[in-house]
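[1] okay, sequence plus prediction incoming.
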Amino acid sequence: MKTVLFLVAVLVVLVVSCTKQNSTPVEMLNEMLPPDSTGTDNLKFAGNFSNGPFGSATGTAKVYLQNNQYLLALTDIAVSNGPDLHVYLSRELQPIHFIDLGKLKSTKGNQLYEITGSPDFLQYSFALIHCQQYNHLFGSAALK
């Protein structure tokens, strides 16, 4: 009987912790890459998102170098909603070695993320949408 009560309590805690208030905003975001003063295309890497085992993701991830600053642009992104979604650059599909670029700003639209430093993109070759709280992958894009 104690085991059943314990399992019910754990289930209640899990259900309550996934409420809308912890979810990523769903309104359309339209951040755009700033104009390039040199007139050249500074696109370095790009890849299309595919679904992860715990969510869905469509759109494109693009890495730009502009004014000695790397930027990750998520364009036409559509991600299923979830709690604590973050944007990562990662060496692997399941993030073990990764750079956290911050919380996903919105589940729809165009978004920009600054990449600090100069990571080796031959090693950090994946852009991920990942639920940090539950360690769940929602989507990935191989950057080529």
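    Good, I have the coordinates. Numbers count the residues shown, from 1 in each chain.

[2] ok, how many other residues are close to residue 27?
    9 (other Cβ atoms under 10 Å). Where C-beta positions appear, they are placed from N, C-alpha and C, glycine not excepted.

[3] for it, which non-adjacent residue is spatially closest?
    With Cβ to Cβ, 6 or more residues apart in numbering as the criterion, residue 27 has its nearest non-adjacent residue at 6.0 Å, and that residue is residue 106.

[4] what sits against that neighbour?
    24, 25, 26, 27, 28, 29, 77 (Cβ atoms under 8 Å, 6 or more residues apart in numbering).

[5] most neighbours among these, which one?
    If you count neighbours using other Cβ under 10 Å, the busiest of the contacts of residue 106 is residue 77, which has 25 neighbours.

[6] in which helix or strand does that residue reside?
    strand 69-79 (DSSP states H and E).

[7] ranges for the helices of the protein?
    2-17 (DSSP state H).

[8] what about the protein, any weak spots by pLDDT?
    1-23, 33-40 (pLDDT under 70).

[9] what segments of it are strands?
    For the chain, strands defined by DSSP state E occupy the ranges 28-30, 43-51, 57-66, 69-79, 85-90, 98-103, 108-115, 126-131, 136-142.

[10] buried deepest among the ones you listed, which one?
    With neighbours defined as mean count of other Cβ atoms under 10 Å, those peak in mean count at strand 126-131, which reaches a mean of 25.

[11] tell me which strands it pairs with, and in which orientation.
    Sheet pairing for strand 126-131, assigned by DSSP bridges, gives strand 85-90 (antiparallel), strand 136-142 (antiparallel).

[12] quick one: contacts of the first one?
    Right, strand 85-90. 24, 72, 74, 79, 95-104, 107, 111, 113, 115, 119, 124, 126-132, 138.
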